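In: From the sequence below, what's the structure:
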Amino acid sequence: MSNTKLTGLDIVGDVIRENYDLGPVKTPKQLETTHQRRHRKMLVETGAGFFLAKTYRNDPATVDSLYFQHHLSTHLDRKGLPVAHIQRTRDGRSFVMQDTWCLELQEFVEGHCMSVTATTLEVSGSALGRFHQVCQGVPVPPRDARKWRFSEVPRETFERFFTLAKEEREDEATIAHCNNIVAFLKEAGDVLDIDKRYAFETGLIHGDWHGGNLLFLDDELRAIIDLEFSGDGCYLEDISYAVSNLCIRTTTSKEKMGFRTETLLNAYQNHRTLSYAEHLALFYAVGVKHVTTVCYQTPQQGGRVAGYSPAQWMAILDVQTRWLAEQSHQARWGTA
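Out: Got it, this is the predicted structure:
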């Protein structure tokens, strides 16, 4: 198979048969409902059960990343955190290398994306705290831990988003929403300035903590998946991602935002206490991540995110960022 090009599902099936001891292997089936942007994902039925097959480019950076991800998966499993186990090849390797691509086979975990409830928020927060706790001291690939994907205030991205909102509804309310959000982003820019990030504690982080990467069966966490972004980083990055995705994104109710955030953070701190600097910066980091995500996803998703238009999102983001600012002021001065 050394000269084989990836041209179809049959070839993937042949590679699995040649490299794994799994009994009869049926032709893999494309998983149409899963995210395929970075990797091709397929369901494979074998004599040993069902597996998830993922293909990657065969280049030095990707191969190094796979070795690290598989080492991390093994470490998490040994520490009692649920993962999708990597299936070893016949000769003990964790993936198969072809000329231009690699194949990974992992346990197919029965479950669904996380639904937000009091119980799942507590489970998720506890799992993230445990993740940070048990990975302290684990060697990680070199990376600028002080920078992350949403660490910078999205001025240009937000300006383009505001233009879309004005094209839809240019009125005083839209302008007022914009001004309030800009004021929040200005405060956030001061708190998250790169020269101040030395105060944020760093370590091995997941890098993409959201409901789609937490597989649940009812209220049980079955697997933490997608370790591709894991590496050296600010713990604040993971925590702000979790709060943004699981506590803020789907509501404008102050009561819900407060309850969800408190539930998740309390569970997290059963395993690792937030530092003073993290307390002060957390809600600004949540807001920057949230605003940037909505602005970025709007053109990608045809002008609507989660069913809302840019003008509608301006009103939603205004409410959410004003609440986040109140929490930030309380953390700093003990009052809103």
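In: Which secondary structure state does residue 266 sit in?
Out: For residue 266, the secondary-structure state derived from DSSP: H, G, I helix; E, B strand; the rest coil is helix.
In: got the contact list for it?
Out: In this structure, residue 266 makes contact with 122, 125, judged by Cβ atoms under 8 Å, 6 or more residues apart in numbering. For the C-beta atoms, the positions are set from N, CA and C on the backbone; glycine is no exception.
In: With residue 270 instead?
Out: By Cβ under 8 Å, 6+ apart, the contact set of residue 270 is 126, 129.
In: Then it would be within a helix, right?
Out: No. The secondary structure assignment for residue 270 gives coil rather than a helix, going by three-state DSSP.
In: Which phi and psi values does it adopt?
Out: Torsion angles at residue 270 (phi, psi; degrees, to the nearest 10) stand at phi -70, psi -20.
In: pLDDT at it, what is it?
Out: At residue 270, the pLDDT value in this model is 98.
In: do residue 115 as well
Out: On the pLDDT scale, residue 115 gets 96.
In: The residue nearest to it when sequence neighbours are not counted: what secondary structure?
Out: Distances taken as Cβ to Cβ, 6 or more residues apart in numbering place residue 216 nearest to residue 115, at 7.0 Å, with adjacent residues excluded. Following three-state DSSP, residue 216 is assigned to strand.
In: can you pull the contacts of the residue most central in space within the chain?
Out: Central residue of the chain (Cα atoms, centre = their mean): residue 208, 1.9 Å from the mean position. If you count contacts by Cβ under 8 Å, 6+ apart, residue 208 has them with 226, 228, 229, 241.
In: Roughly how far does the second one sit from residue 25?
Out: Read that as residue 228. Counting by Cβ to Cβ, to the nearest Å, the separation of residue 228 from residue 25 is 26 Å.
In: Which of the contacts of residue 208 are buried, as a PyMOL select command?
Out: With 16 or more other Cβ atoms under 10 Å as the criterion, this PyMOL line picks the buried residues out of those:
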select buried, resi 226+228+229+241
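In: nearest to residue 189, of the contacts of residue 208?
Out: Proximity of the contacts of residue 208 to residue 189 was ranked by Cβ to Cβ; the top entry is residue 241 with 18.8 Å.
In: Kindly state the pLDDT recorded for residue 150?
Out: In this prediction residue 150 is given a pLDDT of 73.
In: give me the element residue 139 is part of.
Out: Using DSSP states H and E, residue 139 sits in no helix or strand.
In: That one - how many residues pack around it?
Out: Summarising burial for residue 139: neighbours were counted as other Cβ atoms under 10 Å, giving 8.
In: Please apply the same query to residue 207.
Out: Counted with other Cβ under 10 Å, residues neighbouring residue 207 total 20.
In: what about it, which SS state?
Out: On the three-state scheme (three-state DSSP), residue 207 is labelled coil.
In: hang on, it packs against residue 224?
Out: No. Between residue 207 and residue 224 there is no contact under Cβ atoms under 8 Å: 11.6 Å.
In: so what secondary structure elements neighbour the stretch of helix or strand residue 316 belongs to?
Out: Remark: residue 316 resides in helix 310-333, with elements defined by DSSP H and E. The elements that helix 310-333 packs onto, with contact taken as 3 or more Cβ pairs under 8 Å, 6 or more residues apart in numbering; DSSP states H and E, are helix 155-168, helix 172-191, helix 254-268, helix 276-300.
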